[in-house]
Every structure is written in structure tokens, then in C-alpha cells.
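Peer 1: Generate coordinates for the sequence data below:
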Amino acid sequence: MNVKAELLTENSSHLRLNDVNIESEKIRAIMINEIVPIDSDDDFYGRPDSAYMSTTIPLFRKAGIEVNSIQDILNLGIYITNAVKTPKSGYSVSKDSIEESLPYLEKELELFTNLQVVMLMGDVAKKAFNMISKKATKKNAVPSMSTYKLRNTEIFYKEIRIIPSYIMTGQNILIEKSKFQMASEDITLMYRLINES
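Peer 2: I've put the predicted structure just below:
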């Protein structure tokens, strides 16, 4: 299955959808990053040495999971995507850009029928996921409090474990050692959960 082909509509040509072939039934975890980069080559499915993979691979290795590429991560049953499918134009991510991408993120999540864990990598991912959950259940899946306070809370949405974590891309993750450490611990937990069953 090609993710982009599944999500493409006549209104989505300006959105950056993941052009990647995957066996959707093998995916047991999804990591939702905040936003696509300005240059598509820097995205998870861009160049092998893309900016996004330059922070993602060290996170997985810190979690004790030896990976060298996005394909290695997919082979583990983990799919990575971005909540917002258009690059940001200003300093922060606008609510409008989250809302514009939301139907595509929602449809993307529905492609994976064996999903056990969703990791929300940063506040934008958390906000987008809550918008999806509010539409379906009239309430937020993730409580509105700091990620740090939520880390030891078991959160479920439709029997899927939700793990709020920290943004996984950009220089900030490498600079902020405590967040890097906590994000890698969250990845360790996700990996353990999808391999227990």
C-alpha cells in the first residue's frame, strides 16, 4: 500500500503526504511528529541522511533499538508521520494549518488496523490527536497538562495506548538532553508494548 496514494484527493495536492510503500497490517505503532520540514528531502522518507532522520536514529539508538534507516524502523512495525502536512510559515504552527491537515492525519491513522500504540511527539501532535478524539468522543484523549506530568499515566483511546512525548526533530531535541532522554525512554516503552503481544 502506498500511503500517499491512499490519502490523495483533488484538494490535497499542496499537502506533503508520505510517498512510501508499506504493509499496513504489520504496523503496530505510529509516531506522530509535529510538522513537515520546508524541504521534503529533510523529511523522514526523504534522503537517507535527512535532517529528520539525523535526530530520529539517535533517539532509537538511545532507546536500545539499533536502526540505521527509516526502513529499519518500518520493519520493526513502527510508522512515522507528521501531524501537519504543510511547512510552517511563521515561528509557531497555526491552528488553521493543523485543522487543514487533520482529515488526512485521521484517514492515515485509519489505514493501520493492527495499531497498538500512538506516540505523540510534541505539543502540536498532542493538539492534533485531541482534535481527532474530540470529534469522535466529545472529549480529549490526552489531558491538557504538561507532557512531563503525563509521562507515567496510562492513556488509552479506542484500546490504543497513547504515549505523549517530546518533539523528535530539529536541533532542540539534541540540545535539550533531558527531553532527548525522556523521548528515548518513551520509545523504549512503545517498543516493549508492541512486542509483548
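Peer 1: May I have the phi/psi pair for the residue nearest the centre of the chain?
Peer 2: Nearest to the geometric centre of the chain sits Ile32, at 1.2 Å (C-alpha atoms, centre = their mean). Here is the backbone geometry of Ile32 (degrees, to the nearest 10): phi -100, psi 110.
Peer 1: Would you map the helices across the chain?
Peer 2: Taking DSSP state H as the criterion, the chain contains helices spanning 3-7, 51-62, 70-75, 95-110, 123-137, 147-150, 171-175, 177-196.
Peer 1: weakest of those helices in terms of mean pLDDT?
Peer 2: Here the lowest mean pLDDT among the helices of the chain goes to helix 171-175, at a mean of 64.
Peer 1: What distance do you get for Thr91 to Ile38?
Peer 2: To be clear, residue 91 is Tyr; Thr isn't right here. 13 Å (C-beta to C-beta, to the nearest Å). Heads up, the C-betas are built off the backbone N, CA and C, glycines and all.
Peer 1: out of those two, which sits in the busier spot?
Peer 2: More crowded of Tyr91 and Ile38, by other C-beta atoms under 10 Å: Ile38, with 11 against 5.
Peer 1: The more buried one: what's it in contact with?
Peer 2: Pro87 (C-beta atoms under 8 Å, 6 or more residues apart in numbering).
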